[in-house]
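Chemist: with the sequence up front, the predicted model follows.
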Amino acid sequence: MADAALRLQNLFEQLLGTPLSVRIRAWDGSEAGPPGAPALVVRNRRALRRLLFKPGELGLARAWVAGDLDIDGDLYTALESLAGLVWERGEDAPGLLASLRDPGARAAARGLVRLAGPPLPPAPPPEEIRRVRGHLHTRRTDRRAISHHYDVGNDFYELVLGPSMVYSCAYWNAPENEGGTLEDAQRDKLELVCRKLGLSPGQRLLDVGCGWGSLAIHAARGHDVRVVGVTLSQEQAAYARKRVAEEGLTDRVEIRVQDYRDVADGPYDAISSIGMAEHVGAEPYLRYAGDLFRLLRPGGRLLNHQIARRPQSDESAYTVDAFIDAYVFPDGELAPVGTTVTQLERAGFEVRDVESIREHYALTLRRWVASLESEWAAATRLVSPGRARVWRLYMAASALAFERNRIGVNQVLAVKTPESGRSGLPLRARTWN
């Protein structure tokens with residue numbers, strides 16, 4: 001009798017202590033759970049072994065990336081249901097292992113072991129980063145982490161990001177983007193950054209974490225500035241240099257494979273750091289802010305565009321998301337926006353404006369997910385099925401997190417205000433010159 005789905009439903013509900021709001025479809029063809037709900041497809045027993053050997057998020061992530069688990073139905077609805085059970089149980093909720101103190105949960109765990117079959121730990125999917133010994137956020141480990149995320153093929157990023165090749169939050173004119181496109185919204189974001197920085201002809205701009213060169217090209221072409229863009233990704237740099245040459249901007253834009261800590265040719269009139277500071281890490285962040293402060297001329301502006309997490313009651317208990325750390329942004333860390341502002345001010349900056357554009361990132365991510373899904377066959381050829389699955393899960397889950405205010409993104413404008421106290425900014429906020 002095909003009953004694996006019903007057995008799984010009962011076991012999971014005993015372990016989690018709450019009814020499942022998704023259906024279960026098992027490898028034997030059986031189904032159980034709420035009618036009409038998205039289905040969690042358990043393709044084989046190996047998925048259960050992954051969960052048993054790595055209970056919690058990492059086990060789920062490995063099963064998803066390997067294709068042992070899948071979703072049939074609306075991905076966003078399914079992720080919201082699963083998030084409440086696994087990822088967002090609250091700071092005070094017991095973890096999955098802690099719940100095993102309950103006799104019923106222990107019995108359920110034993111049932112899961114029997115259902116999983118021979119207890120051999122499956123190897124992690126090849127898309128999972130292999131850790132090396134040593135300190136975090138050295139030049140070597142940062143290069144390795146950046147390469148893991150960005151050096152997966154420019155063709156793949158073109159497919160997901162579209163012609164703009166901007167891998168950060170777009171800036172939408174309306175919540176529903178009536179009549180606009182992702183390219184329009186990304187162009188508007190680039191222009192917003194340039195206006196906040198007050199760029200004028202002949203100035204020098206340092207773009208830290210320049211990606212595929214989109215901001216550097218926009219600033220040079222539209223504001224007649226000279227730009228140095230730095231990245232640790234070889235593939236990004238090659239792509240950006242090609243674009244710069246095609247635009248005829250080689251006399252105004254220089255793309256370097258260089259760590260921001262090694263930039264020594266200041267002062268610059270302005271610095272942009274768009275979606276890069278998440279890679280810096282909490283411990284080195286003050287040095288990051290200090291390095292950028294040192295590279296600016298007096299009166300120069302910094303635009304720091306950075307994802308933020310919600311503060312915790314006990315900040316020492318913060319841990320990096322296991323799936324993100326293993327498959328997406330190795331060694332990346334998020335901080336509350338208040339912490340970021342404090343660190344910038346400790347480095348000497350005067351923070352003049354903080355703009356939250358959280359909802360904009362949710363809209364952006366949904367567009368990227370739609371692009372990936374519409375070109376799924378091409379995406380899996382360009383990278384691997386596992387890598388494409390990483391990106392689909394990461395972007396869809398992130399869209400929901402931004403929509404529900406679980407994480408945010410902020411543009412922080414700061415000035416290296418001189419001793420005279422003249423910041424050079426307009427008296428009225430958001431009147432960008």
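Modeler: In hand now; what should we look at?
Chemist: next structured bit after the longest helix seen in the chain?
Modeler: Ranked by residue count and defined by DSSP state H, the top helix of the chain is helix 385-403. Sequence-wise, the next helix or strand beyond helix 385-403 is strand 407-415, with elements assigned using DSSP states H and E.
Chemist: okay, the angle between that following strand and helix 385-403?
Modeler: 70 degrees (axes from the mean of the first three to the mean of the last three C-alpha atoms, to 10 degrees).
Chemist: who does strand 407-415 pair up with?
Modeler: Based on DSSP bridges, the pairing partners of strand 407-415 within the sheet are strand 296-309 (antiparallel), strand 350-356 (antiparallel).
Chemist: between the two ends of stretch 226-235, how far is it?
Modeler: For stretch 226-235, the first and last residues are 22 Å from each other (C-alpha to C-alpha, to the nearest Å).
Chemist: what's the answer for stretch 318-336, then?
Modeler: Criterion C-alpha to C-alpha; first-to-last residue distance in stretch 318-336 is 11 Å.
Chemist: repeat that for stretch 36-46.
Modeler: Start to finish, the residues bounding stretch 36-46 are 26 Å apart (C-alpha to C-alpha).
Chemist: ditto for stretch 253-265
Modeler: One end of stretch 253-265 to the other measures 15 Å (C-alpha to C-alpha).
Chemist: which parts of it count as buried, going by neighbours?
Modeler: By neighbour count, and taking 16 or more other C-beta atoms under 10 Å as the criterion, the buried residues in stretch 253-265 are 253, 254, 255, 258, 259, 260, 263. (Glycine included, C-beta is placed from N, CA and C.)
Chemist: residue 410 reaches residue 360, doesn't it?
Modeler: No. When contacts are counted by C-beta atoms under 8 Å, residue 410 is not listed as touching residue 360 (11.1 Å).
Chemist: may I have the secondary structure class of residue 270?
Modeler: Taking DSSP: H, G, I helix; E, B strand; the rest coil as the rule, one finds residue 270 in the strand state.
Chemist: what are the boundaries of the strands in the protein?
Modeler: Per DSSP state E, the chain has strands spanning 23-25, 31-32, 39-42, 69-72, 204-208, 226-231, 253-257, 268-274, 296-309, 350-356, 407-415. These are given in chain order.
Chemist: neighbouring strands - and their directions - for the second one?
Modeler: Put plainly, it is strand 31-32. strand 23-25 (antiparallel).
Chemist: next one: the strand it pairs with to chain centre, how far?
Modeler: Taking C-alpha atoms, centre = their mean, to the nearest Å, the mean C-alpha location of strand 23-25 is offset from the chain mean by 29 Å.
Chemist: repeat that for stretch 214-224.
Modeler: Relative to its chain's centre, stretch 214-224 lies at 25 Å (C-alpha atoms, centre = their mean).
Chemist: would you list every one of the helices in the stretch 151-300 of the chain?
Modeler: If DSSP state H, counting those that start in this stretch is used as the criterion, the helices of the stretch 151-300 of the chain fall at 154-161, 182-197, 214-223, 234-246, 285-295.
Chemist: what bits of this protein have low per-residue confidence?
Modeler: Applying pLDDT under 70 to the chain picks out residues 1, 84-106, 108, 131-135, 142, 145, 148-151, 175-179, 429, 431-433.
Chemist: reformat the buried residues of stretch 253-265 as CSV; add distance to residue 59.
Modeler: Conversion of those to CSV gives the following (distance: C-beta to C-beta, whole Å):
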residue, distance to residue 59
253, 45
254, 45
255, 40
258, 38
259, 35
260, 36
263, 41
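Chemist: what's the most distant pair in those residues?
Modeler: Checked with C-beta to C-beta, the buried residues of stretch 253-265 reach their widest spread between 253 and 259, with 19.2 Å between them.
Chemist: sorry, back to before: now the helices of the stretch 151-300 of the chain in TSV, with mean neighbour count?
Modeler: Formatted as TSV, the entries for these read as follows, by neighbours: other C-beta atoms under 10 Å:
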stretch	mean neighbour count
helix 154-161	19
helix 182-197	20
helix 214-223	22
helix 234-246	18
helix 285-295	20
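Chemist: for residue 79, give its distance to residue 63.
Modeler: Applying C-beta to C-beta, to the nearest Å, the value for residue 79 to residue 63 is 15 Å.
Chemist: the more surrounded of these two?
Modeler: Neighbour count, other C-beta atoms under 10 Å: between residue 79 and residue 63, residue 63 has more, with 24 against 20.
Chemist: tally of neighbours for the nearest residue to residue 147 once chain neighbours are set aside?
Modeler: In space, residue 147 comes closest to residue 233 once its chain neighbours are excluded; the distance is 6.5 Å by C-beta to C-beta, 6 or more residues apart in numbering. One way to gauge burial is a neighbour count; for residue 233, by other C-beta under 10 Å, it gives 22.
Chemist: what about residue 233, distance to residue 159?
Modeler: The spacing between residue 233 and residue 159, counted by C-beta to C-beta, is 17 Å.
Chemist: just residue 6 next, same as before
Modeler: Going from residue 6 to residue 159 by C-beta to C-beta gives 40 Å.
Chemist: what does residue 10 give?
Modeler: In this structure, residue 10 and residue 159 are separated by 41 Å, where distance is defined by C-beta to C-beta.
Chemist: again with residue 119
Modeler: Distance, residue 119 to residue 159, by C-beta to C-beta: 40 Å.
Chemist: now residue 281
Modeler: Residue 281 is 30 Å from residue 159, where distance means C-beta to C-beta.
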